[in-house]
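J.: Predicted model follows, preceded by the sequence.
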Amino acid sequence: MSLRLRLLRAALACFATAGMAGVAAAQQPATKAPAAKPAPQPTAKPAESPKDPVVATVNGQQIHLSELQVAQQSLPQQYRNVPLATVFPALLDRMVDSKLVEQDGRKNKVTDDPAFKKRMAFVEDQVVQDFWLQKQIAEKVTPEKMKQAYDEKLKNLPAEEEVHARHILVATEPEAKAIIADLKKGTPFDKLAKEKSTDKASGAEGGDLGWFKKTDMVKEFADAAFALKKGALTDTPIKTQFGYHVIQVEDRRKAAPPSFDELSDQIRQDLARQTVTAMLNQLRAEAKIEKFNIDGSAASPAAPGVAPAKPETPGTPAK
């Protein structure tokens with residue numbers, strides 16, 4: 001991506017992230033105090049298409065709704081699929097700022113600078129590349145292919161086990177041993193958890209940690225919990241970086257496989273990457289490519305058995 005596009009996207013993302021966080025929370029823009037305005041100049045309102053209305057003018061230059069729709073796709077991923085109305089106030093302000101800078105640059109004849117023209121030619125190449133790749137991805141990454149990829153992924157996902165457990169966390173091993181002794185005498189687990197656990201969040205719930213997978217907990221705790229049968233209690237305290245735990249397993253089960261919605265982003269990225277890779281492989285196979293040294297001289301033939309370094313695939317969507 002060119003420096004210009006990166007700076008523009010970075011500016012949009014920076015301002016929009018801060019501005020949209022408040023907008024998303026309130027779901028409507030904060031009311032601004034009206035600024036003093038010069039006497040209004042009578043102007044004829046331009047004809048507008050209902051589908052692409054003018055949403056602002058900057059020194060007479062119009063900003064259409066469609067421009068904001070395009071700009072929204074340059075924002076961080078979490079803002080691209082939200083309703084445009086949610087990000088509209090902050091994004092419109094950024095577009096106004098962009099127009100002001102553009103107008104000032106044109107006023108100072110930056111477009112006549114040879115360096116500008118060279119960079120614009122490079123930017124155009126980058127936009128053509130990005131637009132064409134995204135168009136190919138949109139055509140080939142279909143809902144049907146995503147569903148097929150999801151079904152294939154489920155076949156290769158082993159069923160994970162989950163346990164439902166309680167714990168009591170204390171600072172010392174003697175404390176934990178005393179709690180185990182009390183539990184074996186019949187003292188209710190939830191009573192001791194509320195009274196003695198230093199983990200106040202779970203302690204308030206009687207030590208209940210809910211359902212979790214082995215990878216959700218630190219190794220020492222997970223190994224001990226998943227080694228217990230349903231209803232069993234640890235015979236000795238389990239030491240972790242947090243202290244000493246007394247663990248009781250309430251139940252065990254096989255975890256439900258991840259839903260399509262949970263995996264859809266990952267699947268879309270995988271299919272997009274595959275699409276770009278296949279496209280580039282085909283283009284390279286059909287093209288005549290000559291490479292030269294950094295000084296423009298003829299490149300030496302590659303040593304037998306040594307494959308050239310594979311360049312980074314352009315246009316692959318970021319995760």
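T.: Cool, got the structure. All values derive from a computational prediction rather than experimental measurement. Numbering: from 1, shown residues only.

J.: switch to C-alpha atoms for all contacts and neighbour counts from now on
T.: OK.

J.: Give me the buried positions along stretch 98-118.
T.: Lys99 (16 or more other CA atoms under 10 Å).

J.: And that stretch, end to end?
T.: 21 Å (CA to CA, to the nearest Å).

J.: avg pLDDT for it?
T.: Taken as a whole, stretch 98-118 has a mean pLDDT of 95.

J.: Tell me how far it lies from the chain's centre.
T.: 34 Å (CA atoms, centre = their mean, to the nearest Å).

J.: What of stretch 186-199?
T.: 40 Å.

J.: how long is it from one end to the other?
T.: End-to-end distance (CA to CA), stretch 186-199: 22 Å.

J.: Please list the outside residues in contact with it.
T.: Stretch 186-199 has contacts (CA atoms under 8 Å, 6 or more residues apart in numbering) with 167-171, 179, 183, 200, 203-207.

J.: Buried ones among these?
T.: His167, Ile168, Leu169, Val170, Ile179, Leu183, Lys200, Gly203, Gly206, Gly207.

J.: hmm, which two among the residues you listed are most spread apart?
T.: Within those, Leu183 and Lys200 form the most distant pair, 19.2 Å apart (CA to CA).

J.: The contacts of stretch 186-199 in strands, which ones?
T.: Under the assignment DSSP state E, these contribute His167, Ile168, Leu169, Val170 to strands.

J.: Mind listing what's buried along stretch 82-95?
T.: Buried-residue list, stretch 82-95, by 16+ other CA under 10 Å: Thr86, Val87, Phe88, Pro89, Ala90, Leu91, Leu92, Asp93, Arg94, Met95.

J.: for it, what is the average pLDDT?
T.: Rounded mean pLDDT across stretch 82-95 is 94.

J.: Throw the buried ones among the contacts of stretch 186-199 into TSV and include pLDDT, thanks.
T.: Formatted as TSV, these follow (pLDDT from 0 to 100):
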residue	pLDDT
His167	98
Ile168	97
Leu169	97
Val170	97
Ile179	97
Leu183	96
Lys200	95
Gly203	95
Gly206	96
Gly207	96
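
J.: closest to Glu160 among the residues you listed?
T.: His167 (21.6 Å).

J.: Who's the closest spatial neighbour of the closest one, skipping the chain neighbours?
T.: Ile247 (4.4 Å; CA to CA, 6 or more residues apart in numbering).

J.: part of a helix, is the one you found?
T.: No - counting by DSSP: H, G, I helix; E, B strand; the rest coil, Ile247 is not part of a helix but strand.

J.: okay, it: pLDDT?
T.: Taking Ile247 on its own, its pLDDT is 98.

J.: Check Lys155 too.
T.: 87.

J.: Next, count neighbours for it.
T.: 9 (other CA atoms under 10 Å).

J.: follow-up on the earlier one: which single one of the contacts of stretch 186-199 is nearest to Thr215?
T.: His167 (17.0 Å).

J.: Could you export stretch 103-116 as PDB, CA atoms only?
T.: Extracted C-alpha coordinates of stretch 103-116, given in PDB (Å, rounded to 0.1, in the frame of the first residue of the first chain):
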ATOM      1  CA  GLN A 103      -8.300  21.900  -1.400                       C
ATOM      2  CA  ASP A 104      -5.300  23.600   0.200                       C
ATOM      3  CA  GLY A 105      -2.900  21.300  -1.600                       C
ATOM      4  CA  ARG A 106      -4.600  22.000  -5.000                       C
ATOM      5  CA  LYS A 107      -4.600  25.800  -4.200                       C
ATOM      6  CA  ASN A 108      -0.800  25.600  -3.800                       C
ATOM      7  CA  LYS A 109      -0.500  23.700  -7.100                       C
ATOM      8  CA  VAL A 110       0.900  20.500  -5.500                       C
ATOM      9  CA  THR A 111      -0.600  18.600  -8.500                       C
ATOM     10  CA  ASP A 112       2.000  20.300 -10.800                       C
ATOM     11  CA  ASP A 113       4.900  18.900  -8.800                       C
ATOM     12  CA  PRO A 114       6.700  16.100 -10.800                       C
ATOM     13  CA  ALA A 115       7.200  14.100  -7.500                       C
ATOM     14  CA  PHE A 116       3.400  14.300  -7.000                       C
END
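
J.: Run through who's touching that stretch.
T.: Lys117.

J.: ok, now which ones touch Ala159?
T.: So Ala159 contacts Lys254, Ala255, Ala256, Pro257 (CA under 8 Å, 6+ apart).

J.: Which one (most neighbours) among those?
T.: Ala255 (15 neighbours).

J.: Could you check the pLDDT of that one?
T.: 87.

J.: which residues sit in contact with the spatially most distant residue from the centre of the chain?
T.: Centroid-distance maximum for the chain: Lys185 at 50.6 Å, with CA atoms, centre = their mean. Taking CA under 8 Å, 6+ apart, we find Lys185 in contact with no residue.
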